[in-house]
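Student: A predicted structure for the sequence below; I have some questions about it.
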Amino acid sequence: MKKFVTASLALSALSTLTASGVGTVPIDISGVVDLRIQSIAFGEANLLPEGQQTFNGIPFNILEGSNTWFAGDQGTSTSITIDVTVGLTGVDKFYTLISTAWGSLTPNLAAVTFVGAQGAEVNFNLSGGVHIRDFIDNEFSNTISSPDTVGVFATSANVNYARYDMQTFDLGDTFLTEELAFVRFSDFGSEGVQRLLLMGATANVIPEPSVALSSLFGFAALLFVRRRT
């Protein structure tokens, strides 16, 4: 009976950790999407998956219907931005599915900025051929060289196949105790010279230090009681 009670308490402590927001959390981008990427009548775009997907162990919710923010649909300005609400504390990593149309090797034509509720900011510049490339192979930009970007899905090995690439942004400890309020996606290209497409976003959330410490102390206490009994 003592073993059963101790095991139950241990499971309860684990549940506390899980309930406090540990793990990967797909972010809702429905407020900014303006295009269904599968509807693009080029290459194998129609074969790209949608719905609940997992790539390299990271879950994404690729919306059914309109599921992509396409900067090319936002006008001809050379500076286009959108903000995606996050509203989570304890975010140490952030994952995106970003590709381009009319990709360019000109550096820094895009950026992703993470903004905290208290004003903290972490900015990453994105360059074609390094962090991002076209979503259709055999178009303008087809290479990625950054270790923080990996190809996670390809429709086939045919000419003009379509693909998803995943970017990983390491935010360090900036948002461990400050809420990550929103993420700003900035496009500095133009029609014919790189435009961003955003298909998905996911945050990795770890518990606040106080929650983690209390849980660890709880585990230690359980082990101590178990050994005494």
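Tutor: In hand now; what should we look at?

Student: CA atoms for contacts and neighbours, from now on please.
Tutor: Fine.

Student: Output the longest strand belonging to this structure.
Tutor: Using DSSP state E to define each element, the chain has its longest strand at strand 163-175.

Student: ok, it: who's next to it in the sheet?
Tutor: Counting by DSSP bridges, the strands paired with strand 163-175 are strand 91-101 (antiparallel), strand 149-154 (antiparallel).

Student: Give me the contact list for it.
Tutor: 48, 89-99, 116, 120, 122, 131-132, 135-137, 148-155 (Cα atoms under 8 Å, 6 or more residues apart in numbering).

Student: Now which of these would you call buried?
Tutor: Neighbour-count burial (16 or more other Cα atoms under 10 Å) applied to these gives 48, 89-99, 116, 122, 131-132, 135-137, 149-151, 154-155.

Student: Which parts of the protein are helices?
Tutor: 2-19, 209-228 (DSSP state H).

Student: Could you tell me the least trusted of those helices?
Tutor: Among those, helix 2-19 carries the lowest mean pLDDT, at a mean of 41.

Student: Any idea what the spatially most central residue of the chain is bridged to?
Tutor: With distances taken as Cα atoms, centre = their mean, Tyr95 lies nearest the centre of the chain, 2.4 Å away. Judged by DSSP bridges, the bridge partners of Tyr95 are Thr168, Thr202.

Student: Settle this for me: it is touching Ala201, isn't it.
Tutor: Yes - if you go by Cα atoms under 8 Å, Tyr95 and Ala201 touch, sitting 5.6 Å apart.

Student: Is it correct that Gln118 is in contact with Phe182?
Tutor: No - under the criterion of Cα under 8 Å, Gln118 is not in contact with Phe182, lying 11.5 Å apart.

Student: So between those two, which is more surrounded?
Tutor: Ranked by neighbour count (other Cα atoms under 10 Å), Gln118 and Phe182 place Phe182 first, with 18 against 11.
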